[in-house]
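A.B. asks: following is a predicted model, sequence given first.
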Amino acid sequence: MLTEFLQFLLSGVTVGATYALVGVGFSIIYNASQVINFAQGEFVMLGGMMAWFLFERAGLPMPAAVPLAIAGTVMVGLALEKFAIEPARNASIVTLIIITIGASIFLRGGAQLVWGRDFHALPALSGDAPIDLSGVAVNPQSLWVMGCTLIVIVLLHWFFSHTMTGRAMRAVAFNMLAAQLAGVNNRLILMFSFGMSAALGALAGVLIAPITLTYPDVGIMLGLKGFCAAILGGLGYPYGAIVGGLIVGISEAMTAGYVSSAYKDAVAFVIILMTLFFMPNGLFGRRGIERV
Amino acid sequence: MRLRLATPRIGGMLALAAVIAVLPLFLPNNFYFDVVILVGLNAIVCIGLNLLVGYAGQISLGHAGFFGLGAYASAILTSTYGWPPVAALLAGAAGVGLLAFIVARPIMKLRGHYLAMGTLGLGIIISIVLTQEVDLTGGPDGMPVYGFSVLGWEPSGVLVWYWIVGGLLLLTVWLALNIVESPVGRALRAVHGSEAAAQTMGVDVVHYKVLVFVVSAVLASIAGSVFVHYIGFVTPSEAGFVHSIELITMVVLGGMASIYGAVVGAAILTMLPQLLTFLHDYEMLGFGAIMMGVMIFLPKGLVPTTARLIRDRAR
């Protein structure tokens, strides 16, 4: 009974950690630009696909393939910002959403072209043999996912509170004009935000690929669930996105385990609708004030 | 007279009617008719969606859900329960209208990206239910649907369907123009400009947002019903996220707050995949690139941008 519960909890936290990483990416870009980047899920896909390609096809060792895959995705993120977002800086929210959706279709099309439409399996970082913890079978890859997410959270916390760039990013999120007047280079921050959230997405992709396999369309649902995580926690609150991701992941695993796996994918969206109906700004979001 | 011809109501509707009347002469075979009929149906959904997105300023990333519900209402009521198609269409529209009315109040409270998430979630939940309730809907494989019939008359052949959809499109344009040019339309634009300011001026903001949400959902439902009878088959993908995105892209591409923009956007985006088939493997790449390019260089959409160019030239 308890073993079963812990087993579901474990798989929930594992997936939830991935959603959290994607959700933090959404929040970081939102903070720098008020843009919701619908190509966020494609960063996850690119990370997984590039790592698979570099490891399986190019024959690089894993410690080289993973950083290279993340670096490659960061380049894509920077290019996206430079060639698609920056030229449309003054467009409306809806227009920007359509641009990022166009980018996500473009990236999926590109991935299909280069790597085909097949499912690919990236080998787990330290084997597939489950570790037995008093009856609960722990997939070593789950430990990697949770461990890396934890490290990323700590690093992010340090980055946002102790480095000049991190603090500048917070200043931009708080008040873009004031930050600019204080000498913050907005465009550089925006660039940096896209690079950072591409890196987070790619890391999530590399970590989850051994568990879920990777394929060109893998990013659609992962991206939407990450968006759920970010909204649930309150847009623009990276820590909120982490909590949101864990809530979504755990509820999914519990539904799949105890109720029915058919409605597993619906859970995230039911939670988000219910939350928004009663808390229109997410769990931790503050109410915005409309200036007339 | 010249002035009145230049209005969207008279001049625009005459032009659209003329295009619809003459177009069959230029369509060489059934394939082209098929594409044009789909353009018409998409345009009907987009006109409704544009009332919501373009005029009232409320984004929806889930309208395919309403389209899918209308489609399945018609499919299930006629094929499984033997209802007459017209009754099924009306029942579907009424059901969707009621659902939209119930969810509109909590959903329309949301703003910006939260609203995008709320409508997106609603659409995805609808499409997952349609996919999973296999006994009722046939599941992911979809279900076949009987043809349309009114009092024993059954439309057959693409030309008959062409006139039906063409007529419905004109009717929808007329209805939308009436809404836009009435006090309701002005109220919607006021809501778009600033909700607080509109409220201060005595506009019942919630009422109008709910109203336009329901109208756009019902239009989508009706188009979905007609669609399944024309195609004769329905799958859950009609209600899916990708279709919702296609619809909102048509609206933005054609031009926000432009009835004819919705028609133009629907036409271009429905035909584009057919035109891009020559790209083969590069099709998706090309589609994404065109979507980004148009939005970057014409952020206000095709019709408003072109209209402005023409106005500037005339001056």
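C.D. replies: Alright, I've got the coordinates.
A.B. asks: which other residues reach the strand or helix carrying residue B:285?
C.D. replies: Assigned by DSSP states H and E, residue B:285 falls within helix B:283-297. If you take C-beta atoms under 8 Å, 6 or more residues apart in numbering or on different chains as the criterion, helix B:283-297 is touched by A:84, A:87-88, A:91, A:95, A:98-99, A:101-110, A:112-113, B:249, B:252-253, B:272-273, B:276-277, B:279, B:302. Backbone N, C-alpha and C define where each C-beta goes, glycine included.
A.B. asks: what's the answer for stretch A:249-266, then?
C.D. replies: When contacts are defined by C-beta under 8 Å, 6+ apart, stretch A:249-266 is touched by residues A:4, A:7-9, A:11-20, A:221, A:267-268, A:271, B:124-125, B:128-129, B:132.
A.B. asks: list, one by one, the residues from the stretch 1-150 of chain A near chain B.
C.D. replies: Taking C-beta under 8 Å from any C-beta of the partner chain as the criterion, the stretch 1-150 of chain A approaches chain B at residues A:30, A:36, A:84, A:87-88, A:90-95, A:97-99, A:101-110, A:112-113.
A.B. asks: weed out the non-buried ones from the contacts of stretch A:249-266.
C.D. replies: Among those, those buried by neighbour count (16 or more other C-beta atoms under 10 Å in any protein chain shown) are A:7-9, A:11-20, A:221, A:267-268, A:271, B:124-125, B:128-129, B:132.
A.B. asks: what score does the nearest residue to residue A:180 once chain neighbours are set aside have for pLDDT?
C.D. replies: Nearest residue to residue A:180, sequence neighbours excluded (C-beta to C-beta, 6 or more residues apart in numbering or on different chains): residue A:186, at 5.4 Å. With respect to pLDDT, residue A:186 scores 85.
A.B. asks: just give the number of residues close to residue A:186.
C.D. replies: Per other C-beta atoms under 10 Å in any protein chain shown, the neighbour tally for residue A:186 reads 16.
A.B. asks: phi, psi for it please.
C.D. replies: Backbone torsions for residue A:186, taken as degrees, to the nearest 10, come to phi -50, psi -40.
A.B. asks: isn't it up against residue A:175?
C.D. replies: No. Counting by C-beta atoms under 8 Å, residue A:175 is not a contact partner of residue A:186; they are 11.4 Å apart.
A.B. asks: got a list of what residue B:29 touches?
C.D. replies: Contacts for residue B:29 (C-beta under 8 Å, 6+ apart) come out as none.
A.B. asks: ok, it to residue B:274 distance?
C.D. replies: According to C-beta to C-beta, to the nearest Å, residue B:29 and residue B:274 sit 13 Å apart.
A.B. asks: list the buried residues of the lengthiest helix in chain B.
C.D. replies: The residue-count maximum for a helix in chain B (DSSP state H) belongs to helix B:205-231. Residues B:205, B:208-231 are the ones in helix B:205-231 that count as buried (16+ other C-beta under 10 Å).
A.B. asks: off-centre distance for that helix?
C.D. replies: Its chain's average C-alpha position is 8 Å from that of helix B:205-231, according to C-alpha atoms, centre = their mean, to the nearest Å.
A.B. asks: same thing with stretch A:63-82?
C.D. replies: That offset, for stretch A:63-82, works out to 14 Å (C-alpha atoms, centre = their mean).
A.B. asks: contacts for that stretch next, please.
C.D. replies: With C-beta under 8 Å, 6+ apart, stretch A:63-82 has contacts from A:37, A:39, A:43, A:46-48, A:50-51, A:54-55, A:58, A:60, A:100, A:103, A:107, A:190-191, A:193-195, A:197-199, A:201-203, A:205-206.
A.B. asks: buried only: go through these for me.
C.D. replies: A:37, A:39, A:43, A:46-48, A:50-51, A:54-55, A:60, A:100, A:103, A:107, A:190-191, A:193-195, A:197-199, A:201-203, A:205-206.
A.B. asks: past the one helix or strand residue A:78 maps to, which element shows up next along the chain?
C.D. replies: Using DSSP H and E, residue A:78 sits within helix A:62-80. Next in sequence after helix A:62-80, counting helices and strands by DSSP H and E, comes helix A:93-115.
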